[in-house]
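Student: The following comprises the amino acid sequence and a computationally predicted model.
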Amino acid sequence: MKALTIIGGGLAGSEAAWQAAERGVHVRLYEMRPQVETGAHTSPDLAELVCSNSLGSNLPDRAPGVLKNELRRLGSLLMRCADQTAVPAGGALAVDREKFSRRVTAALEAHPRVEIVRKEATAIPDGPAVIASGPLTSARLSDAIAELTGREHLYFFDAIAPIVTLDSINFDIAFRGSRYGRGEQMAGDYINCPLNREEYYAFVEALRTAERIELKSFELQLEQGVKAGAHTFFEGCLPVEVLAQRGVDTLAFGPLRPVGLADPRTGRRPYAVVQLRQDDLAGTLYNLVGFQTNLKFPEQRRVFRMIPGLENAEFARYGQMHRNTFIFSPALLRPTLQFRGRDALFFAGQITGVEGYAGNIATGLLAGWNAARLLSGQQPLTLPRETMLGALCYYVTHASAADFQPMKANFGILPSLDEKVKRGRRGKRQRMLAYANRATASLDRFMQLVAEK
């Protein structure tokens, strides 16, 4: 059996390597760090999380939760590592990012059929391969992919939020709590910094007028949104200062919405709330939720210290922006994640147009599994569209040029339910549960058929 080359040791590449190796394939996994840095990563570890430490909702009747449960049922290494390094985050799955990546790295380093090559891959391999180079694909490899695809790359920009130390938070003002009391810890999984009306509008004004890192000419589109195609924009990773620019109340109805929380000093709901989420198992670092930013570092320190409770905040990491690159998958990939022009070439992860950590892991799992099947003389698998992973793969390989943009797991990409579920708030929960139950049943039937064959 031929060896499988995997380019990229991020979430998708790491999962693909594990899946292929577990199925008897010798894997050569290329990761250019630490020889070649990306500008966003901070360690040489595989599967490093460079943005948030949250993998999204872990609730079984939420779309991200459905995808995570599918990954668990399919034997995902990274989901197992995430569960083992989880930190309190209410209904979400958040991890200690360092322990998570180290656990993944240790598992792959110890696998007898995985060879980790610390070297930049600058060309598309001739033999069986998975391209999982991620959003920070190097310039030379990006050129090689562009030459292979014959299409201009589509791209958008991602921004990461700052992290502050727990000891520097003023708990005379800040308080622990989860929205509507939902969370794992009795005191609450989040630290909340309440703002009254005057504090909120002063903060927004400072944010709107703060000095940003100068953008290159091709980045100026950030003022209108984040480019996710020929004429479309992706809203999920907009810097907080860009959101503030859209209107003084935008943040109060977005990342600073105060619903489900009460300030213990007043017993009332604040006008706005900045939430901080635990970033490590020790509970010493917290990231500002929804505060992706491109402000200059001194400006971040000045403006974010205007938040009540963060007036003396010490920053363990400032927010920053980086470029995310992805291909136009609808014209280039099959739902098996095979490249249309080469059966033994697969793409996985964010470079395919999936968004979110769980989506990257999931496409890596499918690409590694299908590459192993192809190398053993079996047909690659297409997952049912009723499953969340199947729906994601279908979306990124069938969307129109006008509609294509990075897509996270959501119920809107699943086929409609057959049964009619009552509308309204209760009806919505019933529909989500129905989607989740149908996805589970569909995956079970699919796995049974695969096992029988």
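Tutor: That came through fine. If you're wondering where the values come from, they're calculated on a predicted model, not measured in any experiment. Numbering: from 1, shown residues only.
Student: Please make it C-alpha for all contacts and neighbour counts, starting now.
Tutor: Noted.
Student: could you list every residue that touches the residue positioned nearest the centre of the chain?
Tutor: Nearest to the geometric centre of the chain sits Gly356, at 2.5 Å (CA atoms, centre = their mean). For Gly356, the contact set (CA atoms under 8 Å, 6 or more residues apart in numbering) comprises 55, 350, 408-409.
Student: top of those residues by neighbour count?
Tutor: Highest neighbour count within the contacts of Gly356, by other CA atoms under 10 Å: Gln350, with 29 neighbours.
Student: Now that one. Its backbone dihedrals?
Tutor: phi -70, psi -20 (degrees, to the nearest 10).
Student: tell me the contacts of it?
Tutor: Gln350 sits next to 132, 134-135, 325-326, 356, 359-360 when contact means CA under 8 Å, 6+ apart.
Student: re the thing from before, mind checking pLDDT for the residue nearest to the centre of the chain?
Tutor: Gly356 is assigned 87 on the pLDDT scale.
Student: And for Phe233?
Tutor: So, for Phe233, pLDDT stands at 40.
Student: go on, the one 3 residues further on?
Tutor: Per-residue pLDDT puts Gly236 at 58.
Student: With the one 5 residues further on instead?
Tutor: Predicted confidence (pLDDT) at Glu241: the value is 90.
Student: Could you do Glu120 as well?
Tutor: 87.
Student: Please apply the same query to Gly225.
Tutor: Model confidence at Gly225, given as pLDDT, is 45.
Student: The one 5 residues further on too?
Tutor: The predicted structure scores Ala230 at 41 on the pLDDT scale.
Student: Asn256: what's it in contact with?
Tutor: For the record, residue 256 is Leu, not Asn. 272-275.
Student: and with 7 Å instead?
Tutor: When contacts are counted by CA atoms under 7 Å, 6 or more residues apart in numbering, Leu256 touches 272-274.
Student: quick one: it is in a helix?
Tutor: No. Leu256 is assigned coil when assessed by DSSP: H, G, I helix; E, B strand; the rest coil, not a helix.
Student: before we move on, back to that, and the gap between the residue nearest to the centre of the chain and Phe326?
Tutor: Remark: distance between Gly356 and Phe326 (CA to CA, to the nearest Å) = 13 Å.
Student: returning to that earlier point: from the contacts of Gln350, which is closest to Val87?
Tutor: Nearest to Val87, judged by CA to CA, of the contacts of Gln350 is Gly356 at 18.3 Å.
Student: can you confirm Arg33 is in a strand?
Tutor: No. Arg33: not assigned to a strand; according to three-state DSSP it is coil.
Student: In this model Asp45 seems to touch it, though I could be wrong.
Tutor: No. Counting by CA atoms under 7 Å, Arg33 stays clear of Asp45, with 8.2 Å between them.
Student: Can you list the residue ranges for helices in this structure?
Tutor: Here the chain has its helices, by DSSP state H, at 11-22, 63-73, 77-84, 97-110, 139-149, 197-209, 240-245, 297-304, 329-332, 357-375, 388-398, 425-452.
Student: winner for burial among those helices?
Tutor: Stretch with highest mean neighbour count among the helices of the chain: helix 11-22 (a mean of 29; mean count of other CA atoms under 10 Å).
Student: which helices and strands sit right next to that one?
Tutor: Contact here means 3 or more CA pairs under 7 Å, 6 or more residues apart in numbering; DSSP states H and E; on that basis helix 11-22 packs against strand 4-7, strand 27-30, helix 77-84, helix 357-375.
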